[in-house]
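> fold the following, please.
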Amino acid sequence: QVQLVESGGGLLQPGESLSLSCVASGDRLSGYTMGWFRQAPGKEREFVAAMSWNGASTLYGDAVKGRFTISRDNTHNTVYLHMNSLRPEDTAVYYCVGKLYATTQMLRSVSPADAYWGQGTQVTVSS
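Numbers count the residues shown, from 1 in each chain. Purely as a prediction, here's the structure:
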């Protein structure tokens, strides 16, 4: 059983940057494809980014491509989401997700029951 804990959310102004962290416990992340989803009030869950177990492959949602970067440190069992040029529409609860032996494409369309999820961290972008 893997536990994922996100941190780093906050209140930002448009154009600012923020990095989120996701620390895993209960298993080593070296075999897991990891990623981030987000959900804004009244909207469906949205895929943000994914990275393969070895970091060789990444995938981004269209809304964040070119602004967000996912990275991971398997030594410290941690995944990061670096967010630049934040916009009000980036406001959401951001969730860390992990799935063993998955591709990034698989994680993009993963069902909630088929992966490990964190509890989420709130990111609010407002002037």
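> any idea which residue sits dead centre in this protein?
residue 36 (2.0 Å; C-alpha atoms, centre = their mean).
> give me the distance between the residue lying closest to that one once chain neighbours are set aside and residue 7.
Of all residues not flanking residue 36 in the chain, residue 48 sits nearest, at 4.2 Å (C-beta to C-beta, 6 or more residues apart in numbering). Using the backbone N, CA and C atoms, a C-beta is placed for each residue, glycine as well. Using C-beta to C-beta, to the nearest Å, residue 48 is found at 16 Å from residue 7.
> between the two, who's got more neighbours?
The neighbour comparison of residue 48 against residue 7 (other C-beta atoms under 10 Å) goes to residue 48, with 25 against 12.
> who's in contact with that one?
By C-beta atoms under 8 Å, 6 or more residues apart in numbering, residue 48 lies in contact with 35-38, 60-61, 63-64, 68, 81, 94.
> need the three-state assignment for residue 97.
Assigned by DSSP: H, G, I helix; E, B strand; the rest coil, the conformation of residue 97 is strand.
> I figured it was touching residue 114, is that so?
No - applying C-beta atoms under 8 Å, one finds residue 97 not in contact with residue 114, separated by 9.8 Å.
> so which of these two has more stuff around it?
Shown here are residue 97 and residue 114; by other C-beta under 10 Å, residue 97 has more neighbours (26 against 12).
> contact partners for the more buried one?
4, 34-37, 107, 110, 115-118.
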